[in-house]
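[1] below is the sequence, then the predicted model.
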Amino acid sequence: MRQFFTAIMLFSSLCLASGISDSEEKQTKEGRIQFGISAGEPTPLSATIGVGYKAAIMRIQGMGWKNGTNDFWCALRGGLAWTFFRELPFNIDVGIGGGYAYAEAPNGMHQALNKANGAMYALPYNFEETLDLSAEVWVHLYGIYTQISYPLYYFMDHTKPTLLWRAGYMFEI
């Protein structure tokens, strides 16, 4: 456990040092490109790419994983945001975004029910699917960020999460 906390402290200090050295450069740059990775909802992992000019930023994030028949997930989200306090190590992005997510997972109870009856009465897997338009807020501190998205409208609503969130690390060039 001590090694875990030491690694986190070392990682945080490196992020802090890179953020301080880059803060003067960020004041003069008009264009920016961001790369990052995050964990959250509706997909466990997501890669992020952002392209911005001055305070406007457009981001695309997505990823997928297949673990076998009826055991996979994939998602793609995009958004357009406006950055406040861009010249500081702490900044906030407010904007609008949208995305699609789909996941399937085996359901052992349904498979046993079908096997016992010799017919398919229930799908042998559970699935989730959403397509939404959301209001988004991104909060950044030295590359570490959190994203909260509140769905405003669902185009597909098989499952309706009330709040989407992500947390991760993003670096800017």
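    Yes, it's here.
[2] that's a strand at G36, yeah?
    Yes. The assignment for G36 by DSSP: H, G, I helix; E, B strand; the rest coil puts it in a strand.
[3] now do the helix or strand where E104 lies: which elements does it pack against?
    Secondary structure assigned from DSSP states H and E places E104 in strand 90-106. Packed against strand 90-106 by the contact rule (3 or more CB pairs under 8 Å, 6 or more residues apart in numbering; DSSP states H and E) you find strand 56-66, strand 72-84, strand 125-141. Where you see a C-beta, it was placed from the backbone N, CA and C, and this is true even at glycine.
[4] tell me the contacts of the closest residue in space to P44 that isn't next to it in sequence?
    Excluding the flanking residues, the one nearest P44 by CB to CB, 6 or more residues apart in numbering is W73, at 7.2 Å. Contact partners of W73, counting by CB atoms under 8 Å, 6 or more residues apart in numbering, are T43, P44, G64, W65, A101, Y102, A103, E104.
[5] from A103, how far off is the fourth one?
    What it means is W65. Separation of W65 from A103 (CB to CB, to the nearest Å): 10 Å.
[6] neighbour-wise, which of these two wins?
    A103 (21 against 12; other CB atoms under 10 Å).
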